[in-house]
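Colleague: Build me a model:
(chains A and B)
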Amino acid sequence: MIETRLGEFEEVILLLTGILGEEAYSFKIAEEFESQTKRSVSIGAVHSTLNRLEEKGFLTSKVGNATAERGGRRKRIYTITAYGKRALESARDLRMSLYNQFPAFAGKVDFGFGGL
Amino acid sequence: MRKHNNQPPRAAQKLLTLFLRNDLAEEVTGDLGERFNTMLTKRSPLRARFDYWMQVINYLRPFAIRKGRVQQIMHYAMMQNYFKVSWRNLVKYKAFSAINVFGLALAMSVCMLIILMVADQRRYDAFHEKGDRIYRITLSTNYATTPHPLAAAVKTEYTVAEETTVLVPGPAGDAVYQNKLAEMRGYFAEPSFFSVFSFALEKGDATTAMQQPYSAVISQELASQLYGDDDPIGKTFDFSDRQLSFPQEMDGIGAPPVSWGTFTVTGVLDESKYKSHLKFDVLMSASTQGPLLTSKKIEDHTNAWDWFYRPYTFVLLKEAKTLADLQNSLDDLAARTYTDKKNEQTKDLKFIPQKLSEVQLNLLGNDTNNRLPRVGYYFLIILASVIMLTACFNYTNLSVARALTRAKEIGVRKVTGAQRKSIIVQFLSESVLTSVMALIVAIGFLFLLAPAFKDLWLNKFLKFELPTTPGVYVIFLGFALIIGLVAGIYPAFYLSKYNPIKALKNLGNSQRGKLGLRKMLSVSQFVISLFFITTAILVYRQFSYYMQFDYGFKTENIVNVELQGMDYEKLKHELSSIPEVTNISATDIIPATGTNNGMEIKKSGTQDEYIQTSILQTDEHFLDNLEVKIIAGKNLPPREQGSNSIVISQKAVQKLGFQRAQDAVGQIVEARWSNEQLVITGVFEDFTYRMLINTREIHPITLRNQPAAFQYANVKIASRDLMGTVKKLEAQWKKIDPVHPFKYEFFDQQMASMQQGIFDLVTILGFIAFLAIVISCLGLLGMATYTTERRTKEIGIRKVLGAADFTIARLLSREFMVMLLLAICIGVPLSYFINNMWLRQLTNRVEFDVTTALAGVFVLLAFGILTVGSQTFRASRINPVKSLKSE
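Modeller: Got it, this is the predicted structure:
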């Protein structure tokens, strides 16, 4: 039985993969993570999470093109699967319902993910 | 510098490739490279490099790390395949496999014999329940004996010992019960004997058996001799001590019987059940010593700390205490006891505990039984390892030589994905398989070898039994596995090194390079063989030199009869009545058989140094009987006419400082210690009195006539039928002493048996030399076979072009002849050098001369040429049509 719930870090990585689209490979995702969250992260940590998410079935990957700045080496591009999208949706729904029940925020929540 | 800084750190990259999964390598190095470049644009190169390192280290995560290969190569199926291929290879090249198996088996059987010997010795004293806590206390002067009071002191003054016990060799004489006589030898033992050791009594109570004075525990054998089928417990016997030799042959000189009184049997012990370094027929209660001391029948050493030649002390350690605790207590005791720093004998004396299980493998002075000393094991182990090494060289050599044949197989394996490790494992499994097969053959050899070893003269004293137990077979198997690995390790590494492309494409080139190593191994094998051959020849020549040695006295037709305490004059009277007896004399020691008594004398009334001389107690017929000439003065007078007369040898004359032999006659000398004044009545020709092996030079000898000391009668016989006359002697003996058996030895045989040990050495060395040469020749045979096989085509072409058989044989043999000659050039000087090291220690010795060297070289060449020749001539005679057609 594979764990299907998303952790906080996993959730962000999954979202960033979706945002970056065709450019979603380890280095780019890590870079984007650092610029968006102002937290530093190693490529290894991102790679490890991507690997785990792929094992869970939230992501698929394929080998992409080589570019000059990579010294002619190819990259692995990750794409969200339908299952992955559903996992994100259920995570968001859970949160929405929780925020709505909290009196201080009730009804006036702007659910921007950048605020995480 | 700049250019360098623009690259990611090399070491970090190296580290990454070391642990990273291969399938991730491309993307990860790409990602990290991209990051490094981005970092370079924003930060300093140093910072970028540091970041790269951090990134690499951050990749040390389970998902990214390569899985170990160990699991992969140990796959059962693969192992099965290795053994299958190994087996096929062994079967395919039957000749080579046979050479390897046979050679290894020969060497292994010798090693296994030594394993058996050690295992046999380890079985001694294994039956004691508290054996791991029992220690024998020995002296730092390498004596197994200790002072008598030691045991009691350790027990009462220190807390380390749960129990101690002391054994004193004492009773050795005749027990008589209702006209039945039995000879018994044994120890005085304390009641604690049975609580330290686990000897169990067949009959009687062990806890009380040694309590009362005049109690005795006797062996099953003695019990049936004395009491037949009756219950021995509570029965008595009268004991007369004769100071017979015990515990070893040389301990004891024999004496007229002294009655010790009546003893009561309190226990019966079945000695045959126990394999122990302690052997005895009787144990007498230690409390018996009291009354015997009072009546002066034994010497009193019970409180002497400076007399340590007889008692054996054993300590049973408390469970909580260690060997170190015991050593500390003993050191303390020695320091407190031996305070007199002026006493040469005792000032540095220490007590050394020896674990009971190690007693049998460590022979010490004054020990209780004969056994092979530790150095003997080292000697045998060195011999066996050298032989084993030669056999392993064979395997290595033949495997490497056949690399060509295997190159294709290795190439294919590598191309289909085998890693080097797998190939190594494959070759090792092949060598292990070979050595296990060799083990089976070696066990066969061992069954021939072990009885031969047990039949050696030496084993009469060493008493090796060499039974094979399941445990020993387990050790054998382990040994075979180790040998397999040792033999196979070099070929495995060498053969697995092959580059698959080269191996598959070009088969011819890989051979030449390693020829040097193979030649070196072969040459060293022959050097070793030559060394053993010449050594064996040399030891044999030394042996026959000893056998033919002129001692300066005659031993032919003399029978030495042991007096066993009987009055000499009485025996002489009886034996003289036999017509074949031409002369009888008496002596206390048989000369040149290893025993020696010393005396120091100087000219009376002078300040001269005392001179060392051997002293023999003989009667007036001794010199005459042994045909030693008197050169000045007169022979010893008969006993009645003065006991202060001595006759001395020429050497003694010279040492005493007299000019001529004539000058010494009538002079008076004084003996050290006893201060006796002795008159020299005559001088006789020098003869060799000590054993040849330890003679430095001819030693001064003094003869004196003191009949009380006589031990032997030397009976000269003039008869064709020696054994018939001996029978008559025995009949006369029985007349005057019906109880004791007639004990005799022919003098010349007695002398020869002194050299018997050397003959055993010749046998062992000869056998080892034979093995060495056989194994080396097997290797040579393998190499020669292989070379000729490889060159079949060449030979064919040469023959077609008109080469003669002989020319071809010479061509093929040349390489091997060069090796043999090289071995001779190295081996002869080496053997000369090493053998002279021991030869120089001997005074009476043979020389390592040209004959010895030539004989060795001849044997080596004969074997070598025969081996190589058989192959090369066979090859040279092959019809070229056949050899050229085949492919």
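
Colleague: Centre-most residue in chain B?
Modeller: B:G376 (2.3 Å; CA atoms, centre = their mean).

Colleague: Return the distance of the helix or strand containing it from the chain's centre.
Modeller: Using DSSP states H and E, B:G376 falls within helix B:374-401. Relative to the centre of its chain, helix B:374-401 is centred 17 Å away, using CA atoms, centre = their mean, to the nearest Å.

Colleague: buried residues in that helix?
Modeller: B:380, B:383-384, B:386-401 (16 or more other CB atoms under 10 Å in any protein chain shown). Backbone N, C-alpha and C define where each C-beta goes, glycine included.

Colleague: Which elements pack onto it?
Modeller: If contacts are counted by 3 or more CB pairs under 8 Å, 6 or more residues apart in numbering or on different chains; DSSP states H and E, helix B:374-401 sits against helix B:94-122, helix B:420-454, helix B:470-495, helix B:515-547, helix B:756-790.

Colleague: So for B:I218, which of those sits nearest?
Modeller: Nearest of those to B:I218, taken as CB to CB: helix B:94-122 at 27.5 Å.

Colleague: one step back: average pLDDT across whatever helix or strand comes next after the helix holding B:G376?
Modeller: For helix B:374-401, the following helix or strand on the C-terminal side (DSSP H and E) is helix B:403-415. Taken as a whole, helix B:403-415 carries a mean pLDDT of 81.

Colleague: Stretch A:70-82 now?
Modeller: In this model, stretch A:70-82 has a mean pLDDT of 87.

Colleague: got the buried residues for that stretch?
Modeller: A:R70, A:R73, A:K75, A:R76, A:I77, A:Y78, A:I80.

Colleague: Just confirm the third one is within a strand.
Modeller: Yes: assignment of A:K75 by DSSP: H, G, I helix; E, B strand; the rest coil places it within a strand.

Colleague: So, low pLDDT: which residues of chain A?
Modeller: For chain A, applying pLDDT under 70 flags the ranges A:1-4, A:106-116.

Colleague: err, the stretch 451-600 of chain B, not the other one
Modeller: For the stretch 451-600 of chain B, residues meeting the criterion pLDDT under 70 lie at B:503, B:505-515, B:594.

Colleague: how near is the residue of the stretch 251-400 of chain B found nearest chain A to B:Y490?
Modeller: Of all residues in the stretch 251-400 of chain B, B:V400 sits closest to chain A, at 43.0 Å by CB to the nearest CB. As judged by CB to CB, to the nearest Å, B:V400 and B:Y490 stand 7 Å apart.

Colleague: So which bits of chain A are right by chain B?
Modeller: With CB under 8 Å from any CB of the partner chain as the criterion, chain A meets chain B at residues A:25-27, A:30-31, A:42-45, A:47-48, A:51-52, A:63, A:66, A:69-71, A:73-76.

Colleague: If you count contacts, what does the longest helix anywhere in chain A end up packed against?
Modeller: Using DSSP state H, we find that the single longest helix of chain A is helix A:82-101. Contacts defined by 3+ CB pairs under 8 Å, 6+ apart place helix A:82-101 against helix A:8-20.

Colleague: now the next helix or strand after the helix it packs on, how far from the centre of its chain.
Modeller: Next along the chain after helix A:8-20, taking DSSP H and E as the criterion, comes helix A:26-37. Mean C-alpha position of helix A:26-37 versus that of the full chain (CA atoms, centre = their mean) differs by 10 Å.

Colleague: Show residues contacting helix A:26-37.
Modeller: A:12-13, A:16-17, A:19-20, A:39-43, A:45-47, A:50, A:75-76, A:78, A:114, A:116, B:27-28, B:30-32, B:34-35, B:38 (CB atoms under 8 Å, 6 or more residues apart in numbering or on different chains).

Colleague: Tell me which of those fall in strands.
Modeller: Among the contacts of helix A:26-37, the members falling in strands are A:K75, A:R76, A:Y78 (criterion: DSSP state E).

Colleague: Quick one: residues contacting the residue nearest to the first one when sequence neighbours are not counted.
Modeller: What it means is A:K75. Excluding the flanking residues, the one nearest A:K75 by CB to CB, 6 or more residues apart in numbering or on different chains is A:Y25, at 4.2 Å. Contact analysis of A:Y25 by CB under 8 Å, 6+ apart lists A:G64, A:K75, A:R76, A:I77, A:Y78, B:E27, B:D31.
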